[in-house]
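Any chance you can model this:
(one chain, ligands or ions: 1)
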Amino acid sequence: MSIKMPIDCVLALTYNCNARCTMCDIWKIKDSPELTLADLAKLPDSLLDVNLSGGEPFLRKDLPEIVAVVKKACPKARLVISTNGFLTPVIDKAMTQILKIAPDIGVAFSIDGIGEMHNEMRGIPGGFDRVMDSLKLLKGMGVTNLRLAFTITEYNVNHFAKVYNLAQELGVQFTHSFAQSSEFYFGGKKNINNPRKDLLEVAYQQIINSELKSWNVKRWLRAFFADGMFKFITSKNPVFDNAPGRDFFFLDPSGDIYPSVMHNVILGNIHNVNSFKEFWYSDETEQKRKQVDGLKMPVWMICTARTAIKRHPLKVGFWILKNKLFGYKAA
Ligand code: SF4
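Numbering: from 1, shown residues only. Next comes the predicted model:
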C-alpha cells in the first residue's frame, strides 16, 4: 500500500480525568504528562479530522490556545472535542474563548445511558444531569456540531437505542463505540465485553433504519458504519481493511505516536520529530508499520473506518440504496 500523509488523528491532550468510568482506568493515572503547544504545532497540514480527546480535555487550562495551535497547523481539519461534559462552568469559560477561534468546532459528549445508568457507568452521581446542562449550555451558545457518544458494554446495551432516541429528541448527532481492552490506552483496563447479540440486533436495526430514513448523506454513511460495528463485534471481521498508522494515528500525552489506540507499536515520539512529513515517510516508520501489520489486529473504529469507507464509494452506495429501499435487518 503506498503511503500518503495521514488525514485523521486522535490527540490525547492529557490523561488527567475527573470521571470514574467502569470501562476505563485512565482516571487512575496520576500526574499525566501533557502534549505541549510546541508538539501540536508539528501536526501535519494534511489532517482533515482531528479529535481533541483525553482523559478530559477541558482539564487543560490552555485548551483555547491548543485549539488555536491545532487550527493553524491543520487549517483543513474539522475539529471535535470529546468530553465527559461534567465540568459545566469550565466548559462555559473555555468554549466562550474557543468559539472565537474555531466557530465551527464540534463537541462530543459521552453518554452511556439515561439517568442512573450513565451515572453508574461513569461513576459520577448526578453526572447525567451535568452533561445535559453542558450540552444545553453549548446549544445556547450556538454550537451546532454537537454529538452524544455512547460506549456499548454488556451492562448498558439496553440503553443503546434509548440514548440514540435522546440524541434525536435533542437534535444532535449520535456516535457509538464498544468498550475494548488496550495494552496502553484506557489505563490498560481489560474489558471483557460480549453484549447480548439479540439486544444488539434489535437496537442496531432500529438505529440503522432510522438513519437510513433521513435524507442526509452523512447519516446514511453513519448507518453503514454502524452496520460495520455490528458485524465487527459479532464476527471480529471489519467490513473493509482500514489502515492504522497510514491514514490515521493516535498521539498520547507523552508525545508517543501510535497507529491507533489498539496497536501497541510506537511509531515515534513527536518531541523528536522535526518535520512530520519526513518522519511519516521515513524507512524507520515504514519498518514499524510492518510490525503493525504483523500484529494482525483488525479494527473497526470511526477514526480508522472513515477513510476505508471513502475508498469504496460503490460498495457503500449500493449498501445504502439496498437497505434504504428494502429496510435493514441486522443479521
Ligand atoms: S472513558 Fe473518558 S471520561 Fe472515562 S475515565 Fe476514560 S478518559 Fe476519563
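
Outside of stretch 298-311 itself, list whatever touches it.
7-10, 49, 51, 175, 177, 221, 224-225, 228-229, 231-232, 236-244, 247-248, 250, 260-263, 316 (C-beta atoms under 8 Å, 6 or more residues apart in numbering). For the C-beta atoms, the positions are set from N, CA and C on the backbone; glycine is no exception.

Wait, a helix at residue 51?
No - under DSSP: H, G, I helix; E, B strand; the rest coil, residue 51 sits outside any helix and is assigned strand.

Go through the longest helix along the chain and flag the buried ones.
Longest helix in the chain by number of residues (criterion: DSSP state H): helix 217-235. Within helix 217-235, the residues scored as buried using 16 or more other C-beta atoms under 10 Å are 220-234.

Which phi and psi values does residue 148 adopt?
With angles defined as degrees, to the nearest 10, residue 148 shows backbone torsions of phi -100, psi 130.

you'd agree it is up against residue 111?
Yes - applying C-beta atoms under 8 Å as the test, residue 148 and residue 111 come out as touching, 4.6 Å apart.

Retrieve the pLDDT associated with residue 1.
In this prediction, residue 1 carries a pLDDT score of 61.

where are the low-confidence patches of the stretch 101-250 of the chain?
Under the criterion pLDDT under 70, no range of the stretch 101-250 of the chain is flagged.

show me where it has helices.
Here the stretch 101-250 of the chain has its helices, by DSSP state H, counting those that start in this stretch, at 116-122, 127-140, 160-170, 197-213, 217-235.

Around the ligand, pick out the residues from the chain.
Residues of the chain that fall close to the ligand, judged by C-beta under 6 Å from any ligand atom: 17, 19, 21, 24, 26, 27, 54, 55, 56, 84.

hmm, 8 Å instead?
Applying C-beta under 8 Å from any ligand atom, we find that the chain lies next to the ligand at 15, 17-21, 23-27, 53-56, 82, 84, 110, 122, 151, 186-187.

and the residue of the stretch 151-300 of the chain found nearest the ligand, how many neighbours?
As assessed by C-beta to the nearest ligand atom, the ligand sits closest to residue 186 within the stretch 151-300 of the chain, at 6.4 Å. By the criterion of other C-beta atoms under 10 Å, residue 186 has 18 neighbours.

Distance of it relative to residue 27?
For residue 186, the distance to residue 27 equals 10 Å [C-beta to C-beta, to the nearest Å].

now swap in residue 289 and tell me
32 Å.

Over to residue 307?
Distance check for residue 307 against residue 27: by C-beta to C-beta, it reads 31 Å.

what's the closest residue to residue 261 other than its chain neighbours in contact with, if anything?
The shortest distance from residue 261 to any non-neighbouring residue, by C-beta to C-beta, 6 or more residues apart in numbering, is to residue 185 (4.0 Å). Residue 185 makes contact with 12, 26, 250, 252, 261, 262 under the criterion C-beta under 8 Å, 6+ apart.

Just the closest of these to residue 273, please.
Closest approach to residue 273 among those (C-beta to C-beta): residue 252, at 14.0 Å.

For the closest one, the count of nearby residues, please.
Residue 252, neighbours per other C-beta under 10 Å, totals 23.

pLDDT score for it?
The per-residue pLDDT reported for residue 252 equals 97.

burial count for the closest residue to it other than its chain neighbours?
Leaving out its chain neighbours, the residue that sits closest to residue 252 by C-beta to C-beta, 6+ apart is residue 12, at 5.1 Å. Counted by other C-beta under 10 Å, the residues lying close to residue 12 total 25.

quick one: contacts for residue 12?
35, 53, 54, 55, 185, 250, 251, 252, 253.

Determine which two of the residues you listed are furthest apart.
Across the contacts of residue 12, no pair lies farther apart than 35 and 185, at 14.8 Å, counting by C-beta to C-beta.

roughly how far apart are the residue nearest to residue 252 and residue 55?
Counting by C-beta to C-beta - residue 12 and residue 55 are separated by 6 Å.

what residues are shared contacts of the two?
Shared contacts of residue 12 and residue 55, defined by C-beta under 8 Å, 6+ apart, comprise residue 253.

what about residue 20, neighbour count?
14.

Let me know the helix or strand that it is in.
Residue 20 belongs to no helix or strand when assigned by DSSP states H and E.

mind listing what residue 193 touches?
23, 152, 153, 154, 178, 179, 180.

Of all pairs in these, which one spans the longest distance?
Across the contacts of residue 193 (C-beta to C-beta), the longest gap, 12.8 Å, separates 154 and 180.

what does stretch 269-283 rub up against?
Outside stretch 269-283, the residues that touch it by C-beta under 8 Å, 6+ apart are 3, 5-6, 35, 39, 42-44, 251, 254-257, 267-268, 285.

Which residue is the nearest non-sequential neighbour of residue 107?
residue 81 (5.1 Å).

how big is the angle separating the host helix or strand of that neighbour from helix 127-140?
Using DSSP H and E, residue 81 falls within strand 78-83. Per axes from the mean of the first three to the mean of the last three C-alpha atoms, to 10 degrees, the angle that strand 78-83 makes with helix 127-140 is 150 degrees.
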